[in-house]
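Asker: build me a model:
(one chain, ligands or ions: 3)
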Amino acid sequence: MKKHILIVPGDGIGQEVTEVGKKVLEKIAAKFGHEFTYDEALIGHVAIEATGNPLPDETLEKMRASDAVLFGAVGHPKYDNDPSAKVRPEQGLLKMRKELGLYANLRPIKLFDELLGASSIKPEILRGSDILFFRELTGDIYFGEKGRKNEGDTAYDIAEYSRYEVERIARKAFDAARTRRKKLCSVDKANVLETSRLWREVVQKLAPEYPDVEVEHQFVDSAAMMLIKDPKRFDVVVTANLFGDILTDEASQIAGSMGMLASASVGDSTGVYEPIHGSAHDITGKGIANPLASVLSAALLLDISFGLKAESDAIIAAVDKLLKDGFRTKDIADETTPADKILNTQAAGEELLKRI
Ligand SMILES: NC(=O)C1=CN([C@@H]2O[C@H](COP(=O)(O)OP(=O)(O)OC[C@H]3O[C@@H](n4cnc5c(N)ncnc54)[C@H](O)[C@@H]3O)[C@@H](O)[C@H]2O)C=CC1
Ligand SMILES: CC(C)CC(=O)C(=O)O
Ligand SMILES: [Mg+2]
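Answerer: Ligands and ions are numbered 1, 2, ... in the order given. Down below sits the predicted model:
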């Protein structure tokens, strides 16, 4: 198969982990006889430094012209510590999602058996957990009007959802539930928020079209608690942009680390595949970032955008084998991990490639 893949590493550890994700794609192409071509583009802080724009037009054009995008992360402490900064790396990310119509962010919470001990949650609670989040990605409070009034003493961010926006993500989640354990949990805050009341109304109206799917509605505060009390009760979860952002970082602890969670952002055009984590200033440049979220994002890319299931499974099997062979990056190691099994980002990538 001939495909063109755009690599957009972005900032911080985005650069470090995407390098490994790309090598995995190259290995898969060689092993399975595909012809993947690659290009690179800038986003985030590195794009601001080079062009003044966190999402240059050239990057957007390259994204539209590609068959899929492997994305890293954006962000830099310079902006996090300067609330008055007008141009910010995260604006590039949000614009990319909006411009490409990437309204569905799929975040699988896949727990590899070998990592049962990596989490601070008890193994007996975690064993058998397997959740697929559908986070709405182009609406909600991130995209509504925002600003200051009262001479800057009052700030506001407006959350908005249309019926259409809720229905299209809910349908994707219902469809996915049908292929899994047929359970859908819609998470909202309908006891307080009008956007959530519309959300719940839309999901309730769709439910009769999916009689084989058992639907429940949970308030986000309670869902956050349930997620670590009894993660096995969840199969597919559908929720709004802000709630999904927060709940999936929490859910990363089910999988053992932020460095283990991949995602697929899909919708109206080119799919973008990205770890759920950010640019992680605290570990940038140390070479210790876990590259597996990027690697597993590459696996999602092959499966969802190219329909290459065997190739995608080969990557997941290699990750499984790497972990079964006892190798860990620092974030998923524990006191029982021998020092010679704790690998840096690059070495983890090399060991993984040997197993594909
Ligand atoms: N999709 C994106 O591009 C995102 C960007 N950000 C940006 O990233 C910057 C840092 O944000 P944080 O709140 O620190 O979130 P973060 O996700 O970058 O890091 C949170 C914690 O998880 C650890 N971590 C994350 N990925 C890891 C990996 N692959 N291996 C090992 N440890 C890992 C980090 O070291 C840190 O302790 C900010 O500027 C933020 O705006 C944050 C989240 C998502
Ligand atoms: C800029 C943020 C919306 C990025 C983030 O935290 C995410 O997409 O998970
Ligand atoms: Mg996030």
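Asker: indicate the residue of the stretch 251-356 of the chain located nearest to ligand 1.
Answerer: Minimum separation of the stretch 251-356 of the chain from ligand 1 (C-beta to the nearest ligand atom) falls at Gly278, amounting to 2.3 Å. All C-beta atoms are positioned from the backbone trio N, CA, C, and that covers glycine.
Asker: which residues does Gly139 contact?
Answerer: Contact analysis of Gly139 by C-beta atoms under 8 Å, 6 or more residues apart in numbering lists Tyr103, Glu160, Tyr161, Ser162, Glu165, Ala240, Asn241.
Asker: ok, of those residues, which one's closest to ligand 2?
Answerer: Among the contacts of Gly139, Asn241 lies closest to ligand 2 (C-beta to the nearest ligand atom), at 7.7 Å.
Asker: and the buried ones among the contacts of Gly139, selectable in PyMOL?
Answerer: The following PyMOL line selects those of the contacts of Gly139 that are buried, judged by 16 or more other C-beta atoms under 10 Å:
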select buried, resi 103+161+165+240+241
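Asker: tell me the one among the contacts of Gly139 nearest to Ala190.
Answerer: Nearest to Ala190 out of the contacts of Gly139 is Ala240 (C-beta to C-beta; 11.0 Å).
Asker: wouldn't the closest one be in contact with Glu136 here?
Answerer: Yes - contact status for Ala240 versus Glu136: in contact at 5.3 Å, counting by C-beta atoms under 8 Å.
Asker: contact residues of the stretch 251-356 of the chain facing ligand 2?
Answerer: By the rule C-beta under 6 Å from any ligand atom, the part of the stretch 251-356 of the chain lying against ligand 2 is Ile276.
Asker: now do the closest residue to ligand 2 within the stretch 251-356 of the chain: how many residues are near it, please.
Answerer: Nearest residue of the stretch 251-356 of the chain to ligand 2: Ile276, at 5.5 Å (C-beta to the nearest ligand atom). The number of residues packed near Ile276 is 25, by other C-beta atoms under 10 Å.
Asker: quick one, what contacts it?
Answerer: With C-beta under 8 Å, 6+ apart, Ile276 has these contacts: Arg107, Thr248, Asp249, Ser252, Met258, Leu261, Ala262, Ser263, Ala293.
Asker: run the last query once more with 7 Å
Answerer: Arg107, Thr248, Asp249, Ser252, Met258, Leu261, Ser263, Ala293 (C-beta atoms under 7 Å, 6 or more residues apart in numbering).
Asker: for Leu308, same thing?
Answerer: Neighbour list for Leu308: Leu302 [criterion: C-beta under 7 Å, 6+ apart].
Asker: quick check, Glu26 in a helix?
Answerer: Yes - looking at Glu26 with DSSP: H, G, I helix; E, B strand; the rest coil, it is inside a helix.
Asker: per-residue pLDDT, it?
Answerer: What the model reports as pLDDT for Glu26 is 98.
Asker: gap between it and ligand 2?
Answerer: Distance, Glu26 to ligand 2, by C-beta to the nearest ligand atom, to the nearest Å: 26 Å.
Asker: quick check: closest non-adjacent residue to that residue.
Answerer: The shortest distance from Glu26 to any non-neighbouring residue, by C-beta to C-beta, 6 or more residues apart in numbering, is to Phe36 (7.2 Å).
Asker: so how far is Glu311 from the one you found?
Answerer: Noted for Phe36: a distance of 11 Å to Glu311, by C-beta to C-beta, to the nearest Å.
Asker: between the two, which has more neighbouring residues?
Answerer: Neighbours were counted for Phe36 and for Glu311 using other C-beta under 10 Å; Glu311 has more, 22 against 19.
Asker: what sits up against the helix or strand containing that one?
Answerer: For Glu311, the host element (DSSP states H and E) is helix 309-324. Residues from elsewhere that reach helix 309-324 (C-beta under 7 Å, 6+ apart): 24, 28, 32, 112, 114-115, 292, 295-296, 298-299, 302-303, 351-352, 355-356.
Asker: which of the residues you listed count as buried?
Answerer: 24, 28, 112, 114-115, 292, 295-296, 298-299, 302-303, 351-352, 355-356.
Asker: quick check, nearest of these to Lys95?
Answerer: Nearest to Lys95 among these, counting by C-beta to C-beta, is Ala298 at 23.6 Å.
Asker: let me know the average pLDDT across the one helix or strand that closest one maps to.
Answerer: Assessed by DSSP H and E, Ala298 sits inside helix 292-300. Average pLDDT, helix 292-300: 98.
Asker: just stretch 321-330 next, same as before
Answerer: If you average the pLDDT over stretch 321-330, you get 98.
Asker: which single residue of the stretch 101-250 of the chain ends up nearest ligand 1?
Answerer: The stretch 101-250 of the chain approaches ligand 1 most closely through Asp249 (7.1 Å), counting by C-beta to the nearest ligand atom.
Asker: mind checking the SS state of that residue?
Answerer: helix.
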